[in-house]
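1. Whatever this is, show me its structure:
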Amino acid sequence: MTTAAREDVHRAAARAALEVPGVAGFQPALGDLLPLVASRTKHALGGNAAAGRPAAGVRCRHTPEDGWLVEVRCAVRSDRRVVDVARDVRERVRAAVTAKLAHHGSPGPVTVLIAVTRTEWIVSRPDAPALRLVSPPDVRHPD
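-> Coordinates of the predicted model:
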């Protein structure tokens with residue numbers, strides 16, 4: 001499989017994960033952050049380095065059994081159940097990668113591992129009614 005096809009599989013996995021309701025974003029692993037820091041340093045020193053992968057929390061690799069292992073490290077919104085979001089991400093990513101591999105003519109088993117790294121606390125939801133601050137009634141204390 002060509003490098004372009006591998007990147008295509010990676011983008012499909014990242015897109016599928018981000019489309020799941022409740023996914024707040026990706027959490028890059030240390031191995032994803034080091035090349036990004038190095039490329040920014042090289043760029044700052046005058047080199048022409050790439051900006052890094054846009055979905056650093058997603059890793060895709062070919063397995064020896066002619067299959068694929070996809071790892072997704074994501075943050076979940078606090079207004080969703082973590083187990084439900086993780087299950088949805090796993091199923092959608094598996095379907096997207098399987099379809100992309102079939103498109104490239106190299107189908108194989110796809111294993112998807114999900115790691116929820118944190119919960120993003122949501123202060124307000126768009127579907128929740130607006131909060132009104134009501135001052136307490138005037139209470140007079142006996143003198």
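2. in the protein, what secondary structure element scores lowest on mean pLDDT?
-> Across the helices and strands of the chain, the lowest-confidence element by mean pLDDT, DSSP states H and E is helix 30-44, at a mean of 55.
3. And for the longest helix that the chain contains, what's in contact with it?
-> When the chain is scanned for its longest helix (criterion: DSSP state H), the result is helix 82-103. In this structure, residues lying in contact with helix 82-103 by CB atoms under 8 Å, 6 or more residues apart in numbering are 8-9, 12-13, 15-17, 19-23, 60, 68, 70, 72, 74, 76-77, 107-108, 110, 112, 114, 116, 119. The C-beta positions use only the backbone N, C-alpha and C, and glycine is treated the same way.
4. Can you give me the buried ones in that helix?
-> By 16 or more other CB atoms under 10 Å, the buried positions in helix 82-103 come out as 85-86, 88-90, 92-94, 96-98, 100-101.
5. Mind picking the two most distant members of those residues?
-> Taking CB to CB as the measure, those span a maximum distance of 24.2 Å, between 85 and 101.
6. On the three-state scheme, residue 116 is what?
-> What DSSP: H, G, I helix; E, B strand; the rest coil gives for residue 116 is strand.
7. my guess is it meets residue 80, correct?
-> No - counting by CB atoms under 8 Å, residue 116 does not reach residue 80; the two are 10.5 Å apart.
8. Tally up the residues packed near the residue nearest to residue 27 when sequence neighbours are not counted, please.
-> In space, and not counting its chain neighbours, residue 27 is closest to residue 117: 3.9 Å by CB to CB, 6 or more residues apart in numbering. Residue neighbour count, defined by other CB atoms under 10 Å, stands at 14 for residue 117.
9. Ok, residue 118 next?
-> Quick note: residue 118 (other CB under 10 Å) scores 12 neighbours.
10. looking at it, it is touching residue 27, isn't it?
-> Yes - Residue 118 is in contact with residue 27 according to CB under 8 Å; the separation is 6.6 Å.
11. Can you pull the residues that touch both of those two?
-> With CB under 8 Å, 6+ apart, residue 118 and residue 27 have common neighbours residue 75.
12. what's near enough to touch residue 19?
-> residue 92.
13. For it, give its distance to residue 116.
-> 17 Å (CB to CB, to the nearest Å).
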